[in-house]
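Participant: sequence and computational prediction follow.
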Amino acid sequence: METNNKNKIWTAVVIVSLLIFAGGVYAYYSSVISEKETGGVAARNSSGIQETRQFAAAQYIRANIATLSPEPAVMGGTLQVTNVDFTSDHEGVATYEDGHNLFVGRFTYEVIDDGAVTINSFDVDSNFDAKG
């Protein structure tokens with residue numbers, strides 16, 4: 001009888017351990033999927049409205065980086081945004097590259113209630129130099 005009880009305890013321990021592991025895997029992949037869905041936007045404001053505006057601004061920058069950037073792509077490259085981070089409610093930093101050079105652009109923006117994005121300024125950070 002004692003062996004039977006030990007087997008039940010070990011079985012319970014294994015099942016609980018697997019459930020904890022599965023929960024951890026689920027939580028990890030949920031956060032990875034969420035980050036991919038938002039395009040790597042790092043919104044630092046807990047307000048849902050502000051996060052929505054930041055998401056709209058990040059999407060706009062990703063779609064229009066070739067016209068926003070004062071630095072053109074070189075050697076047949078195409079400008080691609082790798083990260084957008086927000087430093088305040090109306091300012092942010094975009095990291096982007098063309099396959100040869102890496103740039104950091106500082107921008108100011110507005111999003112009006114209908115979701116239209118206006119980039120007021122977009123300048124390459126001259127203190128950052130990462131030519132590849």
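Facilitator: Arrived safely, thanks for sending. Numbering: from 1, shown residues only.
Participant: every contact and neighbour count from this point should use C-alpha atoms.
Facilitator: Noted.
Participant: shaky segments in the protein?
Facilitator: Within the chain, the stretches with pLDDT under 70 are 1-2, 25, 28-47, 128-132.
Participant: packing partners for the longest strand seen in it?
Facilitator: In the chain, with assignment by DSSP state E, the single longest strand is strand 101-111. If contacts are counted by 3 or more Cα pairs under 8 Å, 6 or more residues apart in numbering; DSSP states H and E, strand 101-111 sits against helix 48-68, strand 91-97, strand 117-124, strand 130-131.
Participant: got a markdown table for those, with distance to residue 85 and mean neighbour count too?
Facilitator: Converted to a markdown table, the helices and strands packed on strand 101-111 look like this (distance: least, Cα to Cα, whole Å; neighbours: other Cα atoms under 10 Å):
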| stretch | distance to residue 85 | mean neighbour count |
| --- | --- | --- |
| helix 48-68 | 8 | 18 |
| strand 91-97 | 5 | 20 |
| strand 117-124 | 14 | 16 |
| strand 130-131 | 18 | 10 |
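Participant: need these in TSV with distance to residue 81, can you?
Facilitator: Output for these, formatted as TSV (distance: least, Cα to Cα, whole Å):
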stretch	distance to residue 81
helix 48-68	6
strand 91-97	4
strand 117-124	13
strand 130-131	15
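Participant: of the ones you listed, which is nearest residue 10?
Facilitator: Checking these against residue 10 by Cα to Cα gives helix 48-68 as the closest, at 45.7 Å.
Participant: using CSV, list the CA coordinates for that closest one.
Facilitator: Written as CSV, here are the backbone C-alpha positions of helix 48-68 (Å, rounded to 0.1, in the frame of the first residue of the first chain):
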residue,chain,number,x,y,z
GLY,A,48,-5.4,52.9,-23.7
ILE,A,49,-6.0,56.0,-25.7
GLN,A,50,-2.3,57.0,-25.6
GLU,A,51,-1.2,53.4,-26.5
THR,A,52,-3.6,53.5,-29.5
ARG,A,53,-2.1,56.9,-30.7
GLN,A,54,1.4,55.6,-30.2
PHE,A,55,0.5,52.4,-32.2
ALA,A,56,-1.0,54.6,-35.0
ALA,A,57,2.2,56.8,-35.0
ALA,A,58,4.5,53.8,-35.1
GLN,A,59,2.5,52.2,-38.0
TYR,A,60,2.7,55.5,-39.9
ILE,A,61,6.4,55.8,-39.4
ARG,A,62,7.0,52.2,-40.5
ALA,A,63,4.9,52.8,-43.7
ASN,A,64,6.5,56.2,-44.5
ILE,A,65,10.1,56.0,-43.4
ALA,A,66,11.4,56.4,-46.9
THR,A,67,9.8,59.9,-47.1
LEU,A,68,10.3,60.9,-43.5
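Participant: all good on my end, thank you.
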